[in-house]
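Would you be able to build a 3D model of this:
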Amino acid sequence: MRALKSIIILAVVSSWISCNSQKKEVTSLKTEIDSASYALGLDMALKVKANFNEANTELFLQGYRNGIDSTNLLIDQKDLNAFLSAFFQKQQQEKTIKDAEKNFGAIKKAGEDFLAENRVKSGIVTTQSGLQYEILQKGSGDNVLSTSKIKIHYHGTLIDGTTFDSSVDRKEPIEAIANQFIPGFNEGLLLMNKGAKYRFFIPQELAYGMQQKSQEIKPFSALIFTVEVLEVTNE
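As a prediction, this is how the structure comes out:
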């Protein structure tokens, strides 16, 4: 975003400078205004090149000329900042995903392989979203709703069995609203009722995705939770 702001600011500044596209290129800078004008154009070009190397040079120059003349604008000026902000945010997100897959692709594949093998095992149910679960103990109380206040015990591990969090180990059940967890956990809770005990197998896209949540939970980690619903309060 800093680079984007620099580009926008320089584009605005450049609109103060007269431009005659028919002039031949100069080979020397005679005045301070000449030097400043050239420096601004060079600086803007270098920033565009560094942050958007796929830029269409002809359209970049056409946009510059249209902006100077305030004529024939192909994008409305009032939409300009919003468009550029959305575009560069998308570019940054794509780069972040690409970098994460390069560094943590093996973790992503391991999770996918694990879930593919797990889904065909006896007792495993797979929902439309890709969440997998098995029923360890059926409940007999109130159903969990997204707005329910619940008291639960949980034990969370990676697919290799590494424990990353456990209220069971701490001997301290937690109280929360049932929609305050990661998507796969939230979805699983809505399948349960008071007294039920399930095991959730959560794909990375329903967990933390490419975010590194902790030292144990690296990007693209599939997660396993054993969850017991101790209390449900529906108001």
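
From here on, just use CA atoms for contacts and neighbour counts.
Noted.

how about low-confidence regions in the chain?
The chain contains residues with pLDDT under 70 at 1-24.

Could you chop the chain up by domain?
Per automatic domain parsing, the domain ranges recorded for the chain read 2-19+28-74, 107-233.

between those, which gets nearest to Thr96?
Nearest of the domains of the chain to Thr96, taken as C-alpha to C-alpha: domain 107-233 at 8.6 Å.

rewinding a little: ranking the domains of the chain by burial, who's on top?
When you average the neighbours per residue for each of those (mean count of other C-alpha atoms under 10 Å), domain 107-233 leads with a mean of 18.

And that one, how far out from the chain middle?
Domain 107-233 sits 21 Å away from the centroid of its parent chain (C-alpha atoms, centre = their mean, to the nearest Å).

end-to-end on that domain?
Terminal residues of domain 107-233 are spaced 38 Å apart (C-alpha to C-alpha, to the nearest Å).

Pipe the domains of the chain into JSON lines and attach distance to Leu80 per row.
What follows is the domains of the chain, written out as JSON lines (distance: least, C-alpha to C-alpha, whole Å):
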{"stretch": "domain 2-19+28-74", "distance to Leu80": "10"}
{"stretch": "domain 107-233", "distance to Leu80": "30"}
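
Which one, of these, ends up nearest to Lys98?
That would be domain 107-233 among these, by C-alpha to C-alpha, at 10.0 Å.

Where do the strands of the protein begin and end?
Per DSSP state E, the chain carries strands over the ranges 125-126, 132-137, 149-158, 163-166, 174-177, 197-202, 223-233.

still on that earlier bit, closest one to Phe88 among the domains of the chain?
Nearest to Phe88, of all the domains of the chain, is domain 2-19+28-74, at 7.3 Å by C-alpha to C-alpha.
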